[in-house]
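Asker: A predicted structure for the sequence below; I have some questions about it.
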Amino acid sequence: MHEGAITRQIVDSVLKEASNRKAKKVIEVDLLIGSLTFLNPEQVKFWYEILTKDTFIEGSKLSIRGSEAVVRCTKCNYEGSFKYVDDPALHVSMPTMQCPKCEGMVEIVSGKDCIIKSIRMSI
Ligand SMILES: [Zn+2]
């Protein structure tokens, strides 16, 4: 899985932000994971511990919250959650998404990202 690479980016951003603010210690990092990233929160936590070792943010707590994906329908302009179309005839790695109202094609508005909501640090 790609958790290792993503977590490295998260750790890099936290390190950069914390040193920009001349923080001595990072207490807690609040992370929002979109449901379309297909990241496993347990794996992210596992990597976070490994990647923060021997840095000044070692021992900081990582809080992870999931955020539901939001899509927009290209036909009826519906915006909200989508429904998965589970068609065994379609051998795709990603589930197909449909508008729950008109079954039209949807585009993703949010849910593909990993966002650092806040960093609690002591200066
Ligand atoms: Zn629609």
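Answerer: Happy to help now that I have it.

Asker: Quick check: longest helix in the protein by residues?
Answerer: If you go by DSSP state H, the chain has its longest helix at helix 3-20.

Asker: what comes into contact with that helix?
Answerer: Applying CB atoms under 8 Å, 6 or more residues apart in numbering, the contact partners of helix 3-20 are 26, 29, 31, 37, 39-40, 43-44, 46-48, 51-52, 55-57, 60, 114, 116, 119, 121. (C-beta placed from N, C-alpha, C; glycine too.)

Asker: same deal with stretch 104-122?
Answerer: Residues outside stretch 104-122 that contact it (CB under 8 Å, 6+ apart) are 6, 9-10, 13-14, 17-18, 21, 23-37, 39, 65, 67-76, 79, 82, 97-99.

Asker: Report the buried members of those.
Answerer: In the contacts of stretch 104-122, burial by neighbour count holds for 6, 10, 14, 17-18, 23, 26, 29, 31-34, 36-37, 39, 67, 69-73, 82, 97-99, counting by 16 or more other CB atoms under 10 Å.

Asker: Out of the residues you listed, name the ones that lie in strands.
Answerer: Here DSSP state E is the test, and the buried ones among the contacts of stretch 104-122 give 26, 29, 31-34, 67, 70-73, 97-98 as lying in strands.

Asker: what bridges to Asp30?
Answerer: Counting by DSSP bridges, Asp30 forms beta bridges with Ser63, Ser118.

Asker: just to revisit the earlier point, from the ones in strands among the buried ones among the contacts of stretch 104-122, which is closest to His2?
Answerer: Among these, Ile33 lies closest to His2 (CB to CB), at 12.4 Å.
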